[in-house]
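Q: Give me the fold of what follows.
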Amino acid sequence: MQLISSEIQSQMAGSSWIRRMFEKGIELKKQFGAENVFDFSLGNPDIPPPSCAADALHGLAERVARPFGMGYCPNSGLPEFREALAAYLSVQQQVTVQAAQVVVTCGAAGALTSFFRAVLEPGDEVLCPAPYFVEYGSYCGHFGGVLKAIPSLPPDFQPDIAAIEAAVTERTRVLLINSPNNPTGCVYSQRTLTALAELVNRVNATRKRPLYLLSDEPYRFLAYDGAVVPPILPLSPFALVLGSFSKNLSMAGERVGYLVASPAMPDVATLINAVTLTNRTLGFVNAPVLGQRLAMALLNESVDISVYARRREAMAQVLRAAGIRFTLPQGAFYFFPEAPGGDDQAFIQALLAQNVLAVPGSGFGLGGYFRLSFSVEDAVIERSAAGFKAAVAAVSSAR
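A: I've put the predicted structure just below:
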């Protein structure tokens, strides 16, 4: 008896390596004690929200007591939040954005799934540089889309423009990018983004159904050593940006994100209306109202990014000491080092034997590497050093 669809059955069989390793971590912590397990598997921001968040929440208490204080809001978001967000994004993206070009969503994931539902026909293709966030394939696959991953160029993992252009077909509907990138920490350069936008513009010159350039930017706030995350909206009329407040405000559980479309897009109102509709009909209805109000109050705030910068350096020292090759991440809170011995899954098992949890690169569409999240306490990074050295020694002796 088949209780579930074959597609979901397949997705369950290949379920996210991140979640599998996270669950393995829970098991190991019960067995050996939390202080003896070093879990780098999950990108769950552990830095507290900005200090003014508590005051903002207290200020919202009076609103809750009003009629409809926690009731439905428009499907596209609170009007006052859309206005504030439009002004904020106008500065960030260096182009004037109106509230009517913004949809507030249930996190960046809600923005992405609502967008895919609005634009994809069964069989349409979504091109994406690899490695990529593991859920992209499921997000587009729910609506008949097909994810086509194009390997990026090591060691810094900039997208391979020529390979992406060669992969474009009549069914290619979306070019999905993510910078700063999860899992590599790569920040796409101005040159890369301009080349991608020019590719999209060339393709659209002969299209009736446009190719969209969609930039997933939840880590935009987190770039190191003066790295600049260039804006994408000025580069193409068919550019869109989605983001969230999960990482920059440590509000991952509040599920507040957004999608913003280029104001130069022809008939942009039709697309925004479609995403507003799918945001409702997929069951999101509207992003959490309290989360929206909190994000609006903290719109110009951020967590203390110096903490992530310190942890990045500590993680780099641990990897260097173990003899593991890596490119120092320019942004986000991940390392994507080379797997010693070349077999990422074998090295993950060697790490597990030392109670160190990481995620194989094959889970992100590019084997031979592994991902580490340094959104963990400094002490976890420091105490993990011996485990990394032992895992490298174990795979070296096995060859």
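
Q: If I look at residue 345, what pLDDT would I see?
A: Listed pLDDT for residue 345 reads 92.

Q: State the three-state secondary structure for it.
A: On the three-state scheme (DSSP: H, G, I helix; E, B strand; the rest coil), residue 345 is labelled helix.

Q: Run through the strands of the stretch 1-150 of the chain in chain order.
A: Ranges of strands within the stretch 1-150 of the chain are 38-39, 102-105, 125-130, 146-151, based on DSSP state E, counting those that start in this stretch.

Q: Likewise for the stretch 151-300 of the chain?
A: Assigned by DSSP E, counting those that start in this stretch, the strands in the stretch 151-300 of the chain fall at 172-178, 212-216, 239-244, 257-261.

Q: The third one versus strand 257-261: what angle between them?
A: Between strand 239-244 and strand 257-261, the angle comes out at 170 degrees (axes from the mean of the first three to the mean of the last three CA atoms, to 10 degrees).

Q: Ok, the second one next?
A: Between the direction of strand 212-216 and that of strand 257-261, the angle (the same axes, to 10 degrees) works out to 150 degrees.

Q: just the angle between strand 212-216 and strand 125-130, please?
A: 40 degrees.

Q: How about residues contacting strand 212-216?
A: Strand 212-216 has contacts (CB atoms under 8 Å, 6 or more residues apart in numbering) with 108, 112, 115, 119, 133, 173-179, 196-197, 200, 232, 235-236, 238-243. In short, each C-beta sits where N, CA and C put it, glycine included.

Q: which residues does residue 169 contact?
A: For residue 169, the contacting residues are residue 125, by CB under 8 Å, 6+ apart.

Q: Distance of it relative to residue 146?
A: According to CB to CB, to the nearest Å, residue 169 stands 10 Å off from residue 146.

Q: shared neighbours, those two?
A: Counting by CB under 8 Å, 6+ apart, the residues touching both residue 169 and residue 146 are residue 125.

Q: picking up where we left off before, lowest average confidence across the strands of the stretch 1-150 of the chain, which one?
A: Mean pLDDT values for the strands of the stretch 1-150 of the chain show the minimum at strand 38-39, a mean of 90.

Q: can you give me the helices in the stretch 251-399 of the chain?
A: With helices called from DSSP state H, counting those that start in this stretch, the stretch 251-399 of the chain shows them at 268-281, 289-297, 305-322, 344-352, 378-383, 385-397.

Q: Looking at the longest one now, give me its mean pLDDT.
A: Just to be clear, that refers to helix 305-322. 96.

Q: Can I get it as PDB, trimmed to CA atoms?
A: C-alpha atoms of helix 305-322 as PDB (Å, rounded to 0.1, in the frame of the first residue of the first chain):
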ATOM      1  CA  ILE A 305      29.000  40.400  13.100                       C
ATOM      2  CA  SER A 306      32.400  40.700  14.800                       C
ATOM      3  CA  VAL A 307      31.500  37.400  16.600                       C
ATOM      4  CA  TYR A 308      31.200  35.600  13.300                       C
ATOM      5  CA  ALA A 309      34.500  37.200  12.100                       C
ATOM      6  CA  ARG A 310      36.300  35.900  15.200                       C
ATOM      7  CA  ARG A 311      34.900  32.400  14.700                       C
ATOM      8  CA  ARG A 312      35.800  32.400  11.100                       C
ATOM      9  CA  GLU A 313      39.500  33.000  12.000                       C
ATOM     10  CA  ALA A 314      39.300  30.300  14.800                       C
ATOM     11  CA  MET A 315      37.800  27.800  12.400                       C
ATOM     12  CA  ALA A 316      40.500  28.600   9.800                       C
ATOM     13  CA  GLN A 317      43.200  27.900  12.400                       C
ATOM     14  CA  VAL A 318      41.700  24.600  13.300                       C
ATOM     15  CA  LEU A 319      41.600  23.500   9.600                       C
ATOM     16  CA  ARG A 320      45.200  24.700   8.900                       C
ATOM     17  CA  ALA A 321      46.500  22.800  11.900                       C
ATOM     18  CA  ALA A 322      44.800  19.600  10.700                       C
END
